[in-house]
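Q: Need a 3D model of the sequence below.
(chains A and B)
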Amino acid sequence: DAGVTQSPTHLIKTRGQQVTLRCSPKSGHDTVSWYQQALGQGPQFIFQYYEEEERQRGNFPDRFSGHQFPNYSSELNVNALLLGDSALYLCASSGGRRSSYNSPLHFGNGTRLTVT
Amino acid sequence: DAKTTQPTSMDCAEGRAANLPCNHSTISGNEYVYWYRQIHSQGPQYIIHGLKNNETNEMASLIITEDRKSSTLILPHATLRDTAVYYCIVRGGTAGTYKYIFGTGTRLKVLA
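A: Numbering: from 1, shown residues only, chains lettered A, B, ... in the order given. As a prediction, this is how the structure comes out:
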């Protein structure tokens, strides 16, 4: 039973470019959340997708956008990259028919984005 | 802002119990306490969660005070592989509100 998988594992981009990160949720999960983790900090919530719609959003600018596909996988897009966007981007999945509202999130190992 | 406060760092001797405290004095009645750990450059790993009763699984025990304003994660026999950052998170709400608010966690160092 595969857990949450993310791709790519590492990425280097230049300021001003755009990037797309991908996430496949744990089998049976239908909700995907994205988090940004700067060096030495705890993860910060970006947004959550359920039924292909953005359901909750954290304090991130519109440069951060996402998408969820019918198979529950998700993408995180960041436009006009800034040096400060360098971070570990984590995907977490949850939900599904076997879950309850207190079921824990399951995290992937993240994508390390470096903006130069 | 995070709803929890934790010590910045702790050391523990290998083979001894590691007791990691967490303060969540503003916790609401329907909010659960979750513990995760993060080993360098990996994603957070779920450890345990609870509402008001003490919980135990194969990884750890969670002790929640009667007033629910604080909790302690116990790793009964710490090993070097338990060296990690441990996060205590409070989350509640209804189905679909799975947002976690992380603090800066406790950096546990297990010493040989």
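
Q: ok, and what's touching the helix or strand hosting A:Arg112?
A: Using DSSP states H and E, A:Arg112 falls within strand A:111-115. When contacts are defined by C-beta atoms under 8 Å, 6 or more residues apart in numbering or on different chains, strand A:111-115 is touched by residues A:6-15, A:19, A:21, A:78, A:81-89, B:41. To be clear about C-beta, it is placed using only N, CA and C from the backbone, and glycine gets the same treatment.

Q: One more pass at 10 Å, please.
A: Residues outside strand A:111-115 that contact it (C-beta atoms under 10 Å, 6 or more residues apart in numbering or on different chains) are A:6-17, A:19, A:21-23, A:36-37, A:76, A:78, A:81-91, B:41.

Q: got the CA coordinates for stretch B:29-47 in CSV?
A: Below are the C-alpha coordinates for stretch B:29-47, written out as CSV (Å, rounded to 0.1, in the frame of the first residue of the first chain):
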residue,chain,number,x,y,z
GLY,B,29,-13.7,20.6,23.7
ASN,B,30,-13.8,18.9,20.3
GLU,B,31,-10.1,19.4,19.4
TYR,B,32,-7.7,16.5,19.3
VAL,B,33,-4.0,16.5,20.1
TYR,B,34,-1.7,15.0,17.5
TRP,B,35,1.9,14.2,17.6
TYR,B,36,4.2,13.9,14.6
ARG,B,37,7.9,13.7,14.2
GLN,B,38,10.2,14.8,11.4
ILE,B,39,13.5,13.3,10.7
HIS,B,40,15.8,15.5,8.6
SER,B,41,14.6,16.1,5.1
GLN,B,42,11.7,13.7,5.4
GLY,B,43,8.0,14.4,5.7
PRO,B,44,6.3,14.5,9.1
GLN,B,45,5.6,11.0,10.4
TYR,B,46,2.4,10.4,12.4
ILE,B,47,2.9,9.0,15.9
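
Q: Tell me the buried residues in that stretch?
A: B:Glu31, B:Tyr32, B:Val33, B:Tyr34, B:Trp35, B:Tyr36, B:Arg37, B:Gln38, B:Gly43, B:Pro44, B:Tyr46, B:Ile47 (16 or more other C-beta atoms under 10 Å in any protein chain shown).

Q: Just give the number of residues close to the residue of chain B found nearest chain A.
A: As assessed by C-beta to the nearest C-beta, chain A sits closest to B:Phe102 within chain B, at 3.2 Å. Neighbourhood size, B:Phe102 [other C-beta atoms under 10 Å in any protein chain shown]: 21.

Q: try the one 4 residues further on
A: The criterion is other C-beta under 10 Å. On that basis, B:Thr106 has 21 neighbouring residues.

Q: Repeat that for B:Met59.
A: Quick note: B:Met59 (other C-beta under 10 Å) scores 15 neighbours.

Q: can you tell me the helix or strand for the closest residue to A:Gln56 other than its chain neighbours?
A: Closest residue to A:Gln56 apart from its sequence neighbours, by C-beta to C-beta, 6 or more residues apart in numbering or on different chains: A:Gln48 at 4.5 Å. Counting by DSSP H and E, the element that carries A:Gln48 is strand A:44-50.

Q: need the strands for chain A, in chain order.
A: Under the criterion DSSP state E, strands of chain A are mapped to A:5-7, A:10-13, A:19-24, A:31-37, A:44-50, A:53-57, A:64-68, A:74-78, A:87-94, A:106-107, A:111-115.
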